[in-house]
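Asks: what's the 3D shape of this:
(2 chains)
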Amino acid sequence: MSSAVVSTSAALGRPFVFDDDPEVCDPASTPRKSISSATPGARRPFDKLRAGSQDRRRDAGATERFSVDDVRLAGITSASRLNIRPAPEMASSGVSAIDALAGGLPRGCLTEICGPASSGRTTVLLAALAAATRRGEFCVLVDASDALDPHSVVAAGVELDRLLWVRCGESSPQKSRAKEKSSQAAFRFVQDGPRKDENRLEQLLRATDMLLESGGFGLIALDLCDLPLQAARRIPLTTWFRYRRAVEHTPTVLLAIEQHPIAGSCSSLLLKLGSENDQRLAASTEQAAERQKNAAHGVSRGFTAGSEEAPEGRKKTALDFPYPAHAQLLTGLEIRVELIRSRLERKPTRSTSAAFAGKTTWAG
Amino acid sequence: MSFACIYVPNFPVAAVLRAEPELLAQAVAVLEGKPPLEKVLAVNEKANGIAPGMTKAQAELCAELALRRRSPQQESAAHAALLDCAQSFSPCVEDAACDSALLDLSGMEALLGPLPEIARAIYYRAADLGLKANVAAATNPDTAVLAARGFSGVTVIPSGKEADRLGSLPIEVLFADRLEGEAKKEASRLLETLDRWGVRNLYALAALPEIALSERLGQKGLHLQQLARGTASRTLVPIEEPLTFEEAVELEHPIILLEPLAFLLNRLLEQLCARLGSRALATQELRLTLDLENRTGIDQEFENFGIPSESDASHGESQSDSAPQYFVSSWQGRFSRTLRLPLPMLDTKLFLKLLQLDLNAHPPGAPIVKLHLAAVPARPRSAQGGLFLPPSPEPEKLELTLARIAGMVGDNRTGELALLDTHHPEGLRIPRIMSAQRESAPKTADPPEEKSAVTALRRFRPALRADVTLESGQPLRVVCTKKKEVQGEVLWKAGPWRSSGDWWEKEAWSRDEWDIALQNSSGVALYRLVHLLLGGGWFVEGSYD
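Replies: Next up is the predicted model:
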C-alpha cells in the first residue's frame, strides 16, 4: 500500500494539529483551552472534543489545539494526520530483472501483470510460483481458462507438493446433472462463449474469495489471460477492493495476470510486459539462413528446401529461405517489462523498464 | 490390586437412548421378536406399568411410550463405546459381558489419582460417550461386578468391607441378566432352591455353613458363597480387539432430504469422535454407507431427493432438475462414500461439513433407511510450528475450502498437480490430497537459488482444430476457426519434433510438433502446432507465453 499519505497541510508548510511532535503540541506554549472548565463534570472524550469545538468557535481567531491524547481517546484520526505506513515486505518474483525494477512483489497487496499473448506473463507467473515454493510457501493458482501446462510448471522449478491448482471452466456438478436430466439437455449443454466465460469468471471469483478467507498461502495467483476483455471488465471494482482488503496485513502476495489492467487503483504494482519476438525471430531466421549458406551439405533428406525466390505476387516469407525447418529451435522469448504503476514509491521521473529472456526447457 | 467394573443397566434401552438422545425424557421400551409375536425386552425407568415380557399390543396401550425394535448394530456400537471407555483408563480390560466391562486399575492411582476419583472419572467418561453406567471399584473383580450390578452410580468398596457392602444386595445379582439355554435353567434352579431356604440376599448366603452348603449345592454353591463374601479371586482375561470405530442408525421412516440426514450424521460423528478421542486417536478416513429403500418406481416425491436447498438456491436451479441417472445406482440398495483426509483430524463440525458437501455433489438418489459410519483410526498429527517457518494454511480450513471449491468447479479439478510417468503432454493427474509435506520445513535453509525464467506454454483445452496449408510438408498458413487470432501466414517456424508413445495400448499416440509464429493484432505470437500422425488432423495445442 502507499508508503506515505502527505496532507495538504504538509504541502502548505502549516503545522500539523494532531502531530505527536511535542513542540507543536506543547500545552505550555499554546493557550490550550481547559475542557473541564467548559463542561463541568466527567465527560466522555467525544464530548470533550465537541465542547472544545464549541469553545473554539466562541473564541474566534485564537489558536486552539488539543492534546494528542484527547483526539486519540475520541477515536478520531484526522485526515490531515501524517500517517506513514510501513512499506510492505517484498517477495522475490523469481526474475532478477523484475526484482531490480520493482523491488519484487509486495506482500499483502495486489499485483497486476498485463500484456498481450506471448509477452511472457505465464513465464513470470511460473517464476514467481517457483520462487515462492522454493521459499517453502504454499501457493495456489486459480486458472480461469484451464491453461496451465504441467511440464512447464515442472521445468520452471515449481515444487508441485506446494502448489494448489484450481481449474475453472466446467460447470458445477449439480448444474451439470441438472442439464443432463433435462429433456433438452442436448441443446442446453452447449454453452455459448460469453456464458461460458461468465461461468469461469464466477468460479474464479468465488474460489478466490474462499482461498483468501482460508489464508495461509504465500502466493495466490489469478490467471485471467485468456478471458476476453469484456468479461474481465465485468468484475466489479468492489470485488478488487474486497480482495485488497482481505489480503491486507497478511504475508500473501495476490498476483493477477491478464491482457489489460482491470483492477484499477486497487493494485499496488502494475507491470506491463511486451515481447520482442519479431526482432528475435528475424535474427534467428537470418542466422539460420547464414548457417544454411555456410553448410555445404546441410539439407537433410526428407526436408526439401524452399525455393530461392518467392512466388510471384507474394511477399517473401521465412519459408522461402533455403533451409530445413528443423534447423532451428524456439529457444525462448525476449520479454520487456515496464513499470506502469507502483504505489510503493513516488512517481518516477522517467519511464522505467527492463528486459530479460525466458528460455525454453530444451534450450538449456 | 484394584479393579473396576462398568455396568450398563437395561443395555438394549441404553443402546437405543445412545443413538436417540432425544428419547431420554420419555418412556422407552425395546421390542424383540418377529411380528406379530413381538415382546417387550427391556424398558427404562420412566416406563411405569410396562414390564419385560409384555406383548407389543399391551405396551401400545401406554400412549407416551416410545417403542423401538432391538438393533444389533446399535448394541454393538454401544458395547464398543463401553470398551473404549474402559480402555481409556487401563490397557487391561476384560469384556465381561455385552453390558459390562472389567478393568484392572492396579498402579493407576499414581497416574490418575485415588480410586474414588478414577471411578468418578470413568462414570463421566461413559456419560460423555452416551452411556449411563454404574461404576464400582473393589479389590477383586467379582466384587466389582456384583457392586456395579447392585448399586447405581459410583461405588467404591474398600478392602475388607466386601461382605458388609454386598450383603444387602438381592441374591439375583449373582446371575447375569441374560442367560440362555442350560445356564439359564441352572440359574433358575439355584435361585428356586435358595428361595426355598429363605436366602433372599447375599448376607444370608454368606452366613451359611460352608460344608453344609457344599453338601447340598456342590462347588457351584461354594463359589456363589465366595462371591457373596467378596473373597472370590481370579485373573482378568484381557481383550485384544482390533480398533474398529463404527456407528449405525436404523430408521423407522426413510429420510428423503439431506437436511434431516445432517442431524443424524452429526450425532454419529459426535459419537465416533468421542470414542476416538477417548483413545487419543484421530481419523484419516471416514466411510459412510447408506442403505437405501428398495423401490420399484420413482415417485415425484423422491425426485427431489438429494437436492440441497442451501447451495441450490444460489445456483438458481429448480429442485425438480435432479438427475435421474443417480437413481439407477440406488436400486442396488447401498450407497457408499469414502472421505479421505490428508492428515489425521478429529473435528466433528469439519467432518459434517465435508460429508454434507460430498453428499451435495453426489446425492444417494433414494430414500435412506439405514446409516453406517466407520472411521479408520490414525495417530493424531503432532506438529510443532516454527517461528521462522513460512506460513501455511490450516489443514482443517484448507480441506473445507478445497471441498467447497471442488463442489463448485467439479471433482478432480482442484488439488495438487502430479505428473504421470509418460511422455504424453497431458500426462497428469490431480490428486485431491494437498500437501503431505505441509508440516515440513523448506528443504534448504539457504536462500533460494535464482533460476532463469523458463518459457511457459499455455495450453488450449481442448486443443483447437486448425486447417493448415502445407508447402513441402511444412506449415505455410494456419486457420483456426474457433479462435480468430490464431490464423494467418506462418512467419517463422521450427520443427517438426516427433514423439510417440503407448504403442502397446489402444491409446497409442504419435505426433509432430511445430513451433510457429503468427502475426496478430497485438504483435507476433508463438504457438505450438501439432500434427497427429495416427488419428490425423492438425491442432493448435497452446501458445508460448
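Asks: Neighbouring strands - and their directions - for the helix or strand encompassing residue A:257?
Replies: For residue A:257, the host element (DSSP states H and E) is strand A:253-258. In the sheet, strand A:253-258 lines up against strand A:110-114 (parallel), strand A:219-223 (parallel) (DSSP bridges).
Asks: would you list these in JSON lines and tack on mean neighbour count, mean pLDDT and distance to residue B:523?
Replies: Any C-beta I mention is one placed from the backbone N, CA and C, and that applies to glycine too. Formatted as JSON lines, these follow (neighbours: other Cβ atoms under 10 Å in any protein chain shown; pLDDT from 0 to 100; distance: least, Cβ to Cβ, whole Å):
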{"stretch": "strand A:110-114", "mean neighbour count": "25", "mean pLDDT": "95", "distance to residue B:523": "14"}
{"stretch": "strand A:219-223", "mean neighbour count": "26", "mean pLDDT": "95", "distance to residue B:523": "20"}
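Asks: one step back: looking at the strand holding residue A:257 now, give me its mean pLDDT.
Replies: Across strand A:253-258, the average pLDDT comes to 95.
Asks: Identify the residues contacting that strand?
Replies: A:91, A:105-107, A:109-114, A:121-122, A:124-125, A:128, A:132, A:212, A:218-225, A:227, A:232, A:243-244, A:247, A:262-263, A:267 (Cβ atoms under 8 Å, 6 or more residues apart in numbering or on different chains).
Asks: which non-adjacent residue is nearest residue B:126?
Replies: Closest residue to residue B:126 apart from its sequence neighbours, by Cβ to Cβ, 6 or more residues apart in numbering or on different chains: residue B:133 at 4.2 Å.
Asks: That neighbour and residue B:371: what is the separation?
Replies: Separation of residue B:133 from residue B:371 (Cβ to Cβ, to the nearest Å) stands at 25 Å.
Asks: Show me which of those two is the more surrounded one.
Replies: Remark: of residue B:133 and residue B:371, residue B:133 carries more neighbours, 26 against 21, as counted by other Cβ atoms under 10 Å in any protein chain shown.
Asks: pLDDT wise, what is that one at?
Replies: pLDDT recorded at residue B:133 is 94.
Asks: tell me the SS of residue B:165?
Replies: Classification of residue B:165 by DSSP: H, G, I helix; E, B strand; the rest coil places it in helix.
Asks: Was I right to think it contacts residue B:146?
Replies: No. In this structure, residue B:165 is not within contact of residue B:146 by Cβ atoms under 8 Å, at 9.4 Å.
Asks: what helices or strands is the helix or strand containing residue A:272 leaning on?
Replies: Taking DSSP H and E as the definition, residue A:272 sits inside strand A:267-275. In terms of contacts (3 or more Cβ pairs under 8 Å, 6 or more residues apart in numbering or on different chains; DSSP states H and E), strand A:267-275 is packed against helix A:96-102, strand A:105-106, strand A:110-114, helix A:121-134, strand A:332-342, strand B:523-532.
Asks: how does it look with 6 Å?
Replies: Here strand A:267-275 touches strand A:110-114, strand A:332-342, going by 3 or more Cβ pairs under 6 Å, 6 or more residues apart in numbering or on different chains; DSSP states H and E.
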